[in-house]
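> please work out how this folds:
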Amino acid sequence: MLYQVFLIEYHGGGKREHHAIFVEMNTMDGSGDMYHVIGDIQRGMDYEHRQLYKPENSLTFKTKSSIGWMLELTVVSTESVAVSRPPKSSTTSARDYIPKSP
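Modelled structure (predicted):
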């Protein structure tokens, strides 16, 4: 079975938006699995997986863009890879990520 994969964008407050990967598992009601990290570079990030999730139900939902398709077996392995490679926190200053003016 094939599942459609989307990039979801949420209003993040301020100038930053939040992005997540969404795999639509149920075409009848639009629900599926969401994969994303929460937190920030300075305080650290945590991986989060939500099942039976509907992005459009979020108050901060902005856009949903199709980015491809996945086989059912690939969806299962995606979760195991994501769990085995948690996001790293960084002690780097936020200034290091702001482009310098010419």
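> average pLDDT for stretch 35-55?
Per-residue pLDDT values over stretch 35-55 give a mean of 83.
> show me where pLDDT drops low in the protein?
Scanning the chain for pLDDT under 70 picks out 13-15, 85-102.
> all strands of it, in order?
2-11, 17-26, 31-40, 44-53, 61-71 (DSSP state E).
> so which of those comes closest to Ser80?
Ranking these by proximity to Ser80 (C-beta to C-beta) places strand 44-53 first, at 10.8 Å. Just so you know, the C-beta spots here come from the backbone N, C-alpha and C atoms, and that holds for glycine as well.
> which elements pack onto the closest one?
strand 31-40, helix 72-84 (3 or more C-beta pairs under 8 Å, 6 or more residues apart in numbering; DSSP states H and E).
> how many neighbours does the nearest residue to Phe61 once chain neighbours are set aside have?
Leaving aside its sequence neighbours, Phe61 sits nearest to Pro55 (C-beta to C-beta, 6 or more residues apart in numbering; 5.5 Å). Around Pro55 there are 22 other residues, counting by other C-beta atoms under 10 Å.
> fine by me, we can end here.
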